[in-house]
Structure formats: structure tokens, C-alpha cells
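S.K.: just the structure for this:
(one chain, ligands or ions: 4)
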Amino acid sequence: AKERGRNRFAFYSSDMAERALERLHIEQGLLRAIANDQLMLQYQPVVRLDDGQLIGFEALIRWDEPTHGRIGPDRFIPVAEECGLIDYIGSWVLHTACTQAQAWIHQGFVDLRLAVNVSARQMNAGDFDVTVSDALALTGFPAAQLELEITESTLQAVDHSRQLLGRLKALGVRISIDDFGTGFSSLSRLKHLPIDRIKIDRSFVQDLPGDGNDAAITEAIIAMAGSLGLGLIAEGVETPAQQQFLLARGCTEAQGFLFSRPLDVADVDALIVSTARG
Ligand code: C2E
Ligand code: CA
Ligand code: CA
Ligand code: CA
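M.R.: Residues are numbered from 1 along each chain as shown. Ligands and ions are numbered 1, 2, ... in the order given. Below is the predicted model of the structure:
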């Protein structure tokens, strides 16, 4: 407990008061992070599953905290959602990622796809589609190359999600369902939403090909995507055996440590140069 007292970011505690205090510390820390430019993005390659060829990137936020080091989004995004800072952080992510990806387009990766995560509270802000169109207008990033990743639970939590998705689609951006399979979307519901792609959650991929249940679920998701005409990305591909299993069943795109971890901007710069040289 002494140990924990010294580490203001230790998140796990059975004590409610301590948790509330912890949240407050993170909230105050986030305000400092914003003021002092400590938020940054990494970019994880999305690749073709057969040959690993680069298709684009997913932007993933990190917090470079001076004393505690790099803090992952699972530690602070939930707090940012609760205290409302996610609206500011979310539009910062959109602007920063679009600006960066636009630079990569100019470096020669003209048809790259950029995926950005969006949380429920951001989408409920009322003018989220305006935030997106502003980011596109200010950065010049092509709408058709931007993909917004939302989860099934976000869809459930957002009022008028169908109308909002319609307005976003009208801007020309694409919509992906993130962590697919962990929520409870009915097929009929998905069919009536303007969705372009689904991402098979890492929890189903990690025990492939050995786990029979996960294999069956993955096969069902791939078949469903095919019959609904949706694009498909497998998340968290770490082994050649997982790659082979997914390929054999018709999945064509993936992300995962087998291909690349999330990268800093400089590493993506180098990757794009070497890819362009072929
Ligand atoms: P996500 O959208 O499902 O992102 C994928 C997560 O899986 C990332 O964790 C990524 O680093 C990790 N990952 C990718 N490939 C592998 C693999 O092969 N093996 C393993 N074990 N992990 C892999 P990360 O960056 O910690 O992000 C966690 C979550 O935080 C994201 O899950 C997303 O829900 C959220 N998040 C990240 N950036 C943002 C953001 O800018 N805005 C919002 N609202 N949420 C974000
Ligand atoms: Ca995602
Ligand atoms: Ca995901
Ligand atoms: Ca996730």
C-alpha cells in the first residue's frame, strides 16, 4: 500500500475513495498533458494478410508523462471520457493524425488509409460530424481515405447513431466497427447501418488456430462480412499460424505484432521511404 501511495498512477485498488482520488490525479495530469504537449500518436500498420504489404495506419494515442514514462490509452481514455476532456483530445487526435497522414501522402504513399478511434462521448457531442469535416477541411486530408473506428457499444450508447453515421458517410469518410464480436450487434442491425468494415477483435484471434470456439466465431464473422459485402481486418495477429488460418478462410487484411507494433512518426517515415523504393 505504501508502494501504491507513491505511485499516483497505480490504477487498481479496491478502495473507492482511493480510486476517485486516482481519477482526479489522472484528470489533473491530463490537463497538464494538454497544456504541455505531452500527448502523442503512434501509428500501427494495417497490412495485406498474404504478403504484408502496407495498406495504411491506425492512429493510437499515448501520453508521454515526464516522471512515469509513456502511459497507454487504456489508463487515461476512460477518465478523459468521464470528465469530458475526450472532446478536446478527440479532435486533437483527428487533426494531428490527418495532418501527419497528409504529409505521408505527399511523401508518395498516395492511397494510404488512416484509421482513427472515436469514443461514445465524442459522437454524442452533437456536432461530431462538423468536427470531422473541419479536420478534413483544415488539413486537406481526403475524406475517402479516413476511417472512423467505433465499437458496437458506442453505437448502442449514441443517440440517433443511424442519422449521425449517415451524416458522416455524406462527408465521404468510412466507418469501421472496432473490436467486433465483443458486443451484441444483431446482423439485421448491422445490415441497416452504413458500415464499411469490421475488425475482428484480438480476443478471438489470439488463441487461433487451437481454440475451437474462437475458430468457429472467426469463421462465422468472416462469412458474415462476405455476405454483407463488408471489408474485414483481423486484429492482433501475432503468429504465422494465425495468419495462415485467417488467410485460408478468406480474411485479407490484418494488424498485429507479426507485421508491426505501433510505430513512432520517424519509423513510419523510414518505412514509407523504403516501401516507395520497393
Ligand atoms: P483498439 O482500437 O482495439 O487498438 C488496438 C490495440 O491493440 C492497441 O493498444 C494496439 O497497440 C494493440 N495491438 C495491436 N496489435 C497487437 C498484437 O498483435 N498483440 C497485442 N497484444 N496487442 C496488439 P493500445 O494502443 O494500448 O490502445 C488500446 C485502446 O485504446 C484502443 O484499442 C482504443 O480503444 C483506445 N484508443 C487508442 N487511441 C485512441 C484515441 O485516439 N481515441 C480513443 N477514443 N481511443 C483510443
Ligand atoms: Ca481501433
Ligand atoms: Ca480493436
Ligand atoms: Ca480494444
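
S.K.: now the longest helix along the chain: buried residues?
M.R.: Ranked by residue count, the top helix of the chain under DSSP state H comes out as helix 85-106. Going by neighbour count (16 or more other C-beta atoms under 10 Å), the buried part of helix 85-106 is 85-87, 89-91, 93-98, 100-105. Where you see a C-beta, it was placed from the backbone N, CA and C, and this is true even at glycine.

S.K.: which positions in the protein make contact with ligand 3?
M.R.: Applying C-beta under 5 Å from the ion, one finds that the chain approaches ligand 3 through Asp178, Asp179, Glu235.

S.K.: ligand 2 next: which of those residues are close?
M.R.: Contacts with ligand 2 within these, as defined by C-beta under 5 Å from the ion: Asp178.

S.K.: just confirm yes or no for the longest helix of the chain near ligand 2.
M.R.: No. Counting by C-beta under 5 Å from the ion, ligand 2 has no neighbours in helix 85-106; the shortest distance is 11.7 Å.

S.K.: who's in contact with the residue of the stretch 1-150 of the chain found nearest ligand 3?
M.R.: The nearest approach of the stretch 1-150 of the chain to ligand 3 comes at Glu149, 7.0 Å away (C-beta to the ion). Counting by C-beta atoms under 8 Å, 6 or more residues apart in numbering, Glu149 touches Glu58, Ala115, Val116, Asn117, Val118, Ser176, Ile177, Asp178, Lys199.

S.K.: using a markdown table, please lay out those together with neighbour count, secondary structure and pLDDT.
M.R.: Converted to a markdown table, the contacts of Glu149 look like this (neighbours: other C-beta atoms under 10 Å; DSSP: H, G, I helix; E, B strand; the rest coil; pLDDT from 0 to 100):
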| residue | neighbour count | secondary structure | pLDDT |
| --- | --- | --- | --- |
| Glu58 | 25 | strand | 98 |
| Ala115 | 26 | strand | 98 |
| Val116 | 25 | strand | 98 |
| Asn117 | 21 | strand | 98 |
| Val118 | 24 | coil | 97 |
| Ser176 | 25 | strand | 96 |
| Ile177 | 25 | strand | 94 |
| Asp178 | 23 | strand | 94 |
| Lys199 | 27 | strand | 96 |
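
S.K.: and of those residues, the nearest to Ile26?
M.R.: Distances from Ile26 to the contacts of Glu149, taken as C-beta to C-beta, are shortest for Asn117 (18.6 Å).

S.K.: that closest one and Met123: what is the separation?
M.R.: From Asn117 across to Met123, the span is 11 Å (C-beta to C-beta, to the nearest Å).

S.K.: again with Pro240
M.R.: Taken as C-beta to C-beta, the span from Pro240 to Met123 is 37 Å.
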